Structures are given as structure tokens and as C-alpha cells.
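> compute the structure for the input listed below.
(chains A and B)
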Amino acid sequence: MKEHIVGEEISALSDGALSGAARARAEAHLADCGACRRELESLRHLKRLLAAAPRRTLPADLALNLEHRYVGARPWTAAFTRPAFWVPVGAVAAAALAFSVWSRSLSPAGDLPLEPLLAAHERYSAEALVPEPNLVASSYSDPLTLTYADAADGTTE
Amino acid sequence: MDAETFAGLIAQAGDKAYNFAYRLSGNEQDARDLVQESFARAFEHAGAYDASRPFDSWLLRILHNVFLDGMRRHWHSRTVSLDAPSPVEDTGWADLLPEDETPAHDELARRESLDLLQKALDRVPLLFKAAVVLCDIEGLSYEEIAQVADVPVGTVRSRIHQGRLLLRREYEALERRGGVAS
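Down below sits the predicted model:
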């Protein structure tokens, strides 16, 4: 019988890493050598066993740790481009806007002209804390004053 | 290499590096340490990385070196020498394994056989173990392994074959001691 194939060549054959001439020689030998065929099958079996070993993945906490260590060194301004920064800021802004709209809807002042009331209040405060009868004869022309005038007229009748 | 790029590379190569580290060291804690140290060295020497080549191969090369350095110092007191003992002759490995793996192959036996495989791997000298893991578990070509281990392809071929013979011998010895339920 021919000389057996060198062990390394059987391994290389099982890995598909044997080149043309050497491969042809090895295959020719395998055709009539049971011992070498069994060896080849044995190594192939070992390869299958190793390939079947479950793959381990990088543990999540280690991945985070690595990212914090090497990527956490980024400039602090980059934080403003992260959702982690904008999500809470946006939430606070949205809540403030919602509260503003809601509180306005409760206020009766929403339908009333505030300016004349405030202006009248200032004038009353300046002239007298208690309205006097002479208010009737005054030259106030805004709606609030007219109300007073009407009331004064009513009492004089 | 900036931090953003590095973040992408962690995601891309992290799993492969961790699996290689786990198969080399045989346990989770050492695998974590190996991966951390490898990324630290990669970050530190980022300037030496040739971006035209795959990052994961470069990282595996670093990890391979970290592993050998660590083992040379203190990693496992029980680990055998880095020098290769002569592999024994085949003693009928093929006869000890099932002829073919049928779908009915018992899951428990499969898991036990995987446990046994890791134990056997742990007993194979480092350089040979690394070559076998890179070839049969990580699926690297001989040329890629040569780059990772920084040796000629002929050396890779020799290490893979010797490593398999040693692994087979250790697996067989453990099995004979009753490591696998039959």
C-alpha cells in the first residue's frame, strides 16, 4: 500500500485548505486507504463538535462598561445631541404649554377686556379710595365710569 | 480613531472577541478580563490600526497576545507549558464517538459532550488551542490565523493539526473517566 497521507494534510483537507496537486494526491490515496479515510472522518467529526459549541456573546454590562469607558470621553456638548437630554426637556416644555392652555380656559378674564378695568382701578386709586357723589359730575367716559354714572342717576331719581 | 468610531467597533467586534476569549480561557471571568484588556490596548494603540483591514481580526490578534502574556505570567497555575508536547497517536477516537448524529441524539448528552469539549480544550497547550479555536470555532482561514498569531501559514497548519490531535486525546481521556453519561 502507498505511504499514508501526512497528518497535517488530512487536517488541511478537512479544512478545504489543501491546494491542487497535494489535494489530488491525497484524494487518490483516500480512495483506497480505509485508515486515512477514518482519520479524515474523525477530524471532520471533531470540527463539527467544535462548530456546534454555543457562541457566547459580550455580556450587556460589559458592553456598557466599555462604551462608558471609551465613548463616555466625548465632549460634554455632545450631550445636547442625545435623546437622553431632549426627551425630558421636551416633556417639561409640553407639560408647561398644556398647563398654560388649561389654566387660560378656566379664567373668565379670557373673554373680558382687562385693560379698561386696570386703567380705571389706577385712576380710582389715585383720586379717592371711596367713590364720592362728585364722581357723577366727572368727565369719565369709559364704560366703567358710565356704569357708576348710571347707578348714581338711578339713586337720585 | 475617534470615540464614535470606537463605539461602533465595540458593537461590531465585541461578540467575536468575547467568544474567542471564552473558548481560550474556559470561564466567564477570565473572558471578561481578556476582552477588557484587549479593548484597552486597542484604544491605546488605535494609531497602529490599519483601517483598510478588518477591525475584528486586529482585535483578535491583540486578544491572542493578551492571553499569551497573561498565561505566561500567572493566568492559570494548572495550565501546561506553551511548548508543545508530541501528540500521541490516534487511539481510536472515531470508534468512541457516535457514527452519525441522528435527530434523536439526546440533548443532555449533547450538552455534556460540549462541557467535556471545553474541559478538553482547557488542557490543550495555548498556542495549539488558539489555532484550533480560531479555525474551528471562529471560522478563520489559515491565512487569517497566521495574521492573528503572527506566524507563517505553515506553522498555523502544523498547530491546527497538532492541536486537534491533542484535543482529541484529552477528550477521549476525559470520556474514559466517565465525563459523559452514555
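> CA atoms for contacts and neighbours, from now on please.
Noted.
> interface residues of chain B facing chain A?
Neighbours of chain A within chain B, by C-alpha under 8 Å from any C-alpha of the partner chain: B:3-4, B:6-7, B:10-11, B:14-19, B:22, B:32, B:36, B:39, B:43, B:93-94, B:114, B:117, B:133, B:136-137, B:142, B:157-158, B:160-162, B:164, B:168.
> interface residues of chain A facing chain B?
By C-alpha under 8 Å from any C-alpha, the part of chain A that sits against chain B consists of A:7-8, A:11-12, A:17, A:38-39, A:41-43, A:46-47, A:49-51, A:53, A:55-58, A:62-63, A:66-67, A:70-71, A:73-74.
> residues contacting the most centrally placed residue in chain B?
By C-alpha atoms, centre = their mean, chain B has its centre lying nearest to B:Val133, at 3.4 Å. By C-alpha atoms under 8 Å, 6 or more residues apart in numbering or on different chains, the contact set of B:Val133 is A:Leu50, B:Phe20, B:Arg23, B:Leu24.
> in what helix or strand does the third one lie?
What it means is B:Arg23. In the assignment (DSSP states H and E), B:Arg23 maps to helix B:3-25.
> ok now the very next helix or strand once past that helix, how far from the chain's centre?
The helix or strand immediately downstream of helix B:3-25 is helix B:28-44, counting by DSSP H and E. Taking C-alpha atoms, centre = their mean, to the nearest Å, one finds helix B:28-44 lying 15 Å from the centre of the chain it belongs to.
> and helix B:28-44, what's buried?
B:28, B:30-32, B:34-40, B:42-43 (16 or more other C-alpha atoms under 10 Å in any protein chain shown).
> looking at the residue nearest to the centre of chain B now. What's its pLDDT?
You'll see B:Val133 listed with a pLDDT of 97.
> ok, it to B:Gln29 distance?
According to C-alpha to C-alpha, to the nearest Å, B:Val133 and B:Gln29 sit 19 Å apart.
> again with A:Leu58
Going from A:Leu58 to B:Gln29 by C-alpha to C-alpha gives 12 Å.
> could you export stretch B:25-45 as PDB, CA atoms only?
This file holds the C-alpha atoms of stretch B:25-45, laid out as PDB (Å, rounded to 0.1, in the frame of the first residue of the first chain):
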ATOM      1  CA  SER B  25      -9.800  30.900  29.000                       C
ATOM      2  CA  GLY B  26     -12.700  28.400  29.600                       C
ATOM      3  CA  ASN B  27     -14.500  30.700  32.000                       C
ATOM      4  CA  GLU B  28     -16.500  33.900  32.100                       C
ATOM      5  CA  GLN B  29     -14.400  36.000  34.500                       C
ATOM      6  CA  ASP B  30     -11.200  35.500  32.600                       C
ATOM      7  CA  ALA B  31     -13.000  36.100  29.300                       C
ATOM      8  CA  ARG B  32     -14.300  39.400  30.600                       C
ATOM      9  CA  ASP B  33     -10.800  40.400  31.800                       C
ATOM     10  CA  LEU B  34      -9.300  39.400  28.500                       C
ATOM     11  CA  VAL B  35     -11.800  41.400  26.500                       C
ATOM     12  CA  GLN B  36     -11.500  44.500  28.700                       C
ATOM     13  CA  GLU B  37      -7.700  44.400  28.500                       C
ATOM     14  CA  SER B  38      -7.800  43.900  24.700                       C
ATOM     15  CA  PHE B  39     -10.100  46.800  24.100                       C
ATOM     16  CA  ALA B  40      -7.900  48.900  26.400                       C
ATOM     17  CA  ARG B  41      -4.900  48.100  24.300                       C
ATOM     18  CA  ALA B  42      -6.800  48.600  21.100                       C
ATOM     19  CA  PHE B  43      -7.900  52.100  22.300                       C
ATOM     20  CA  GLU B  44      -4.400  52.900  23.500                       C
ATOM     21  CA  HIS B  45      -2.700  51.800  20.200                       C
END
